[in-house]
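Undergrad: please work out how this folds:
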Amino acid sequence: MPTPDRNSERDVSQAFIQKARELIRGEYLPKIERCVEGLTDAQVWWRPNAESNSVGNLLLHISGNARQWIVCGLGGATDERQRQTEFDERRILPRDELLRTLRTTVADVDDVLARFDPALLLDNYRIQGTQASALEAIFHVTEHFSMHTGQIILLTKTLTARDMHFYDL
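TA: Coordinates of the predicted model:
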């Protein structure tokens with residue numbers, strides 16, 4: 001009896017999308033939450049110098065990026081992102097508000113990816129003024145989340161001088 005082709009294009013596409021969902025929802029978000037929950041509102045907005053971003057700016061930025069590329073780009077929602085405002089924000093917005101926004105974005109991203117047809121992974125979409133395949137968009141958001149999660153971890157450790165115990169999550 002022949003075995004099913006576990007490397008079929010559809011299987012690989014589904015596995016790729018599923019892994020992106022797991023990383024964003026189950027790996028990066030919990031680490032960010034642990035970091036932000038251990039900071040004060042003032043610490044969330046601290047920056048080492050004028051050219052650097054605060055944790056707050058990074059939270060706004062990853063929310064905006066993921067929403068633009070996945071929720072709007074692949075999911076078809078209206079793109080109203082004003083990217084530069086994510087970096088320009090200097091008010092001390094409450095960390096709970098920032099986490100609520102990020103959690104909502106991650107839930108929306110996860111919903112779009114859960115419904116996304118793997119057969120469309122190589123189709124092109126207009127995102128942030130460029131053409132990108134769905135594969136590129138999902139990969140971009142996943143690696144972008146990872147990069148900024150690392151920055152948030154570094155800033156948190158710098159501010160608190162604590163081990164974050166991520167493997168206790």
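
Undergrad: where do the strands sit along the protein?
TA: Assigned by DSSP state E, the strands in the chain fall at 124-127, 130-133.

Undergrad: nearest to residue 108, of these?
TA: Across the strands of the chain, residue 108 has its closest neighbour in strand 124-127 (15.4 Å, Cβ to Cβ). To be clear about C-beta, it is placed using only N, CA and C from the backbone, and glycine gets the same treatment.

Undergrad: find the centremost residue of the protein, please.
TA: residue 145 (3.9 Å; Cα atoms, centre = their mean).

Undergrad: follow-up on the earlier one: so of the strands of the chain, which one's packed in deepest?
TA: strand 124-127 (a mean of 16; mean count of other Cβ atoms under 10 Å).

Undergrad: what is the rounded mean pLDDT of that strand?
TA: Averaged across strand 124-127, the pLDDT comes to 97.

Undergrad: which residues in this structure form helices?
TA: 9-22, 29-37, 41-44, 55-66, 83-88, 95-115, 134-160 (DSSP state H).

Undergrad: tell me what the second one is packed against?
TA: Taking 3 or more Cβ pairs under 8 Å, 6 or more residues apart in numbering; DSSP states H and E as contact, the helices and strands that helix 29-37 lies on are helix 55-66, helix 95-115, helix 134-160.

Undergrad: and the angle for that helix with helix 134-160?
TA: 30 degrees (axes from the mean of the first three to the mean of the last three Cα atoms, to 10 degrees).

Undergrad: related to what we said a few turns ago, with adjacent residues omitted, what lies nearest to the residue nearest to the centre of the chain?
TA: The spatially closest residue to residue 145, leaving aside those adjacent along the chain, is residue 28, at 4.7 Å (Cβ to Cβ, 6 or more residues apart in numbering).

Undergrad: so what's the one you found scoring on pLDDT?
TA: 98.

Undergrad: one step back: and residue 100, which of the strands of the chain is closest to it?
TA: strand 124-127 (24.9 Å).

Undergrad: which secondary structure elements does that closest one contact?
TA: By 3+ Cβ pairs under 8 Å, 6+ apart, strand 124-127 packs against strand 130-133, helix 134-160.

Undergrad: got a pLDDT number for the residue lying closest to residue 68 once chain neighbours are set aside?
TA: Leaving aside its chain neighbours, residue 68 sits nearest to residue 81 (4.6 Å; criterion: Cβ to Cβ, 6+ apart). What the model reports as pLDDT for residue 81 is 95.

Undergrad: what does residue 81 show for phi and psi?
TA: phi -60, psi 140 (degrees, to the nearest 10).
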